[in-house]
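Peer 1: Just a sequence and a predicted model for now, questions to come.
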Amino acid sequence: MITWREEMAVGVPAIDDDHKALIGIINEFESCQTRTCAERAAKKLYAYTRSHFRREEAIQASFNYPDRERQAAEHAQIAANLETLIKTAFLGKSRSDSDVIADITKLMRQWIVDHVIKHDLKMRPFFRKIQRPEDFFLPPLVSKIGIGPAHHHP
Ligand SMILES: [Fe+2]
C-alpha cells in the first residue's frame, strides 16, 4: 500500500485529489486476490489515469504552464505503457495471479510516483506564485475547464 503524503502536494486541489484517487486505485489493485478483480481495477486505473492527464493538461493550458508540451508527451507515454501492461498482464499462463498482481503493482506505483514526484511537483512553485486562490478551485470536470482563465493574471 502507498499513502499520499503532504510532500506530494502540487497545491492545486483538482490535481492533488486526482493523485490521491490514483493511489487509491493502485492500492485497490494490489489488494485483489483474483484475476477478475485485478482486471477490473486495472481498467479503472487506466480510465482514471487518462482522465487525470486530460484534466492536468487542461489546467496547465489554461494557466499557460511553460513545460506543458513535454508533460503531455510524458502523459501519452505513461498511458500507452499502462495500456500495454494491462493488455498483456495475464497472457502468460505459467505464473500465479498473485505474482502477476504483485509485479504489476510495482510498475503502477513506479509510474505514479515518477509522474507525481518527478514531473508534477515541478508545478508547485508555478502555481504557488499565482496570487488568486480562487483560481485553484477549478471545476472538477474536464469539459468545464476548457473555458478557464487563459490570461487572467499577468
Ligand atoms: Fe498528475
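Peer 2: Sure thing, it's come through.

Peer 1: Find the residue ranges of the protein scoring beneath the pLDDT cut-off.
Peer 2: Applying pLDDT under 70 to the chain flags the ranges 92-93, 131-154.

Peer 1: Okay, residue 90 and the ion: tell me how far apart.
Peer 2: Distance of residue 90 to the ion, computed by CB to the ion, to the nearest Å: 27 Å. Using the backbone N, CA and C atoms, a C-beta is placed for each residue, glycine as well.

Peer 1: And the helices in this structure, which stretches?
Peer 2: 13-30, 35-62, 68-88, 97-113, 123-129, 142-145 (DSSP state H).

Peer 1: who wins for proximity to the ion among those helices?
Peer 2: helix 35-62 (4.8 Å; CB to the ion).

Peer 1: Most remote residue from the middle of the protein, which is it?
Peer 2: residue 94 (31.1 Å; CA atoms, centre = their mean).

Peer 1: one step back: of all the helices of the chain, which one is nearest residue 7?
Peer 2: Proximity to residue 7, assessed across those by CB to CB, is greatest for helix 123-129 (10.2 Å).

Peer 1: dump the residue contacts of the nearest residue to residue 82 once chain neighbours are set aside.
Peer 2: Once flanking residues are discounted, residue 82 sits nearest to residue 46: 5.5 Å by CB to CB, 6 or more residues apart in numbering. Contacts of residue 46 were listed using CB atoms under 8 Å, 6 or more residues apart in numbering, and they are 79, 82, 83, 86.

Peer 1: Also residue 66?
Peer 2: residue 126.

Peer 1: Over to it: give its phi and psi.
Peer 2: Reported as degrees, to the nearest 10, the phi and psi values for residue 66 are phi -60, psi -30.

Peer 1: quick one: it and residue 29, what's the gap?
Peer 2: Using CB to CB, to the nearest Å, we find residue 66 at a distance of 34 Å from residue 29.

Peer 1: go on, residue 85?
Peer 2: Taking CB to CB, one finds residue 85 at 11 Å from residue 29.

Peer 1: now swap in residue 118 and tell me
Peer 2: From residue 118 to residue 29 the distance is 22 Å (CB to CB).
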